[in-house]
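Q: let's see this in three dimensions:
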Amino acid sequence: MPWPYADQAGIVDKWAEKYGITIDIVQVNDYVESVNQYTAGQLDGVTVANMDALTIPAAGGKDTSAIIVGDYSNGNDGVLLKGTSDLAAIKGRQVYLVELSVSHYLLARALESVGLKMTDVQTVNTSDADIAGAFTADDITAAVAWNPQLTAMKEVPGASLVFSSADIPGEILDLLVVDTKTLEANPNLGKALAGIWYETMAIMVRDDEEGAAARAAMAQLAGTTPEVFEGQLATTFLYSDPAAAVAATSDPALIETMTKVRDFSFAQGLFGQGAGTADVIGMSFPGGKTLGDVDNITLRFDPTFMQMAVDGEL
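A: Numbering: from 1, shown residues only. Have a look, this model is predicted:
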């Protein structure tokens, strides 16, 4: 919601004009479809989770640069069970989720925490638009979802949150990614996007009337109440300070996280039938560090523009 808010508030146009470019913010109401449109070249950039950046555009051969690490889920994604608060009781159940998404990854990490494997449950693919309604059915007793659906699903009688992204902090990241070739040809795009993001963040985190008004506007854009939106923010770790975002991008822990994400994704067949190893896709990180095939780098964590925000060079 910071992006449509920035568009509405004139922040997008301000930075676009500064750099002599035009930026159109496009809301796509189905998350996976937005990533598919980016991968197909219909969009120059997209907001996306780290795993999906790897498994959709990068795995599809689209050279992609993550130029803003915006936040990590700190409870915004969760595993719900009915009739028990014991995660281990998930064994043998049908689990409803958006398959091959960060929900699937969260489920794998949850199972791992209690000594279970993916084969100990049966997943049922459900769209993010349908999952909240599906979970109200009596015969559906296990689900994995993200907010805002998760908040509504927690209110279903008998439901318990048994594992969440707060148990794996820093592993489910929200990124702004841009087509690497587009960025190389138009570096002003990266500068403008970083400028938009950090100006919006500075307003959004303010503990005053202006900050509250901005968050209320974002809530309205999201079709929810300010109270619900504030609740979602409480389970999101925002990198509102560009220095913190640069530090997180440069931290060796990011490589460890992406190794876990990569290994899970490969095990689920998300790199395609021709992928014989988890190393088939290359990733690059600050400081010249890489993971996977250095001759096939299609996902780049590039802190250049975040660093420019730190240095006051935007």
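Q: where along the stretch 151-300 of the chain do the strands fall?
A: 159-164, 173-179, 236-238, 282-285, 289-291, 297-301 (DSSP state E, counting those that start in this stretch).
Q: quick one, the last one and strand 173-179 angle?
A: Computed with axes from the mean of the first three to the mean of the last three C-alpha atoms, to 10 degrees, the direction of strand 297-301 lies at 120 degrees from that of strand 173-179.
Q: and the next helix or strand after strand 297-301, what's its mean pLDDT?
A: Counting by DSSP states H and E, the next helix or strand C-terminal to strand 297-301 is helix 304-310. Mean pLDDT, computed over helix 304-310, is 98.
Q: now do helix 304-310: which elements does it pack against?
A: With contacts taken as 3 or more C-beta pairs under 8 Å, 6 or more residues apart in numbering; DSSP states H and E, helix 304-310 sits against strand 64-73, helix 187-204, helix 242-250. Just so you know, the C-beta spots here come from the backbone N, C-alpha and C atoms, and that holds for glycine as well.
Q: find the nearest non-adjacent residue to Lys260, please.
A: What sits nearest to Lys260 in space, not counting adjacent residues and going by C-beta to C-beta, 6 or more residues apart in numbering, is Glu171, at 6.9 Å.
Q: correct me, but the one you found touches Glu112?
A: No - in terms of C-beta atoms under 8 Å, Glu171 does not count as a neighbour of Glu112; the distance is 12.0 Å.
Q: the more surrounded of those two?
A: Legend: neighbour count by other C-beta atoms under 10 Å for Glu171 and Glu112, higher for Glu171 (23 against 14).
Q: neighbours of the residue lying closest to Ala245 once chain neighbours are set aside, just the number please.
A: What sits nearest to Ala245 in space, not counting adjacent residues and going by C-beta to C-beta, 6+ apart, is Tyr239, at 3.9 Å. Tyr239 has 23 neighbouring residues, counting by other C-beta under 10 Å.
Q: quick one, phi psi at Tyr239?
A: Tyr239 adopts backbone torsions of phi -90, psi 70, taken as degrees, to the nearest 10.
Q: tell me how far it lies from Gly10.
A: Tyr239 sits at a distance of 24 Å from Gly10 (criterion: C-beta to C-beta, to the nearest Å).
Q: so what's Thr180 up against?
A: Contacts for Thr180 were tallied using C-beta atoms under 8 Å, 6 or more residues apart in numbering; they are 63-65, 300.
Q: now those as CSV including neighbour count, pLDDT and distance to Val102?
A: Listed next are the contacts of Thr180 as CSV, based on neighbours: other C-beta atoms under 10 Å; pLDDT from 0 to 100; distance: C-beta to C-beta, whole Å:
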residue, neighbour count, pLDDT, distance to Val102
Asp63, 17, 98, 22
Thr64, 30, 98, 17
Ser65, 25, 98, 20
Arg300, 21, 98, 20
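Q: out of those, who's nearest Val228?
A: Val228 has its nearest neighbour among the contacts of Thr180 in Thr64, at 31.7 Å by C-beta to C-beta.
Q: next one: the residue nearest to Lys260 from Phe264, what distance?
A: To Phe264, Glu171 is 10 Å away according to C-beta to C-beta.
Q: tell me, what's touching these two both at once?
A: Common contacts of Glu171 and Phe264, defined by C-beta under 8 Å, 6+ apart, comprise Tyr105.
Q: just how off-centre is stretch 21-40 within its chain?
A: Here stretch 21-40 shows a centroid-to-chain-centroid distance of 14 Å under the convention C-alpha atoms, centre = their mean, to the nearest Å.
Q: my bad, should have said stretch 248-259
A: 15 Å.
Q: now do stretch 243-259
A: 15 Å.
Q: then stretch 66-79?
A: Counting by C-alpha atoms, centre = their mean, stretch 66-79 comes out at 5 Å from the chain centroid.
Q: tell me the average confidence for that stretch?
A: 97.
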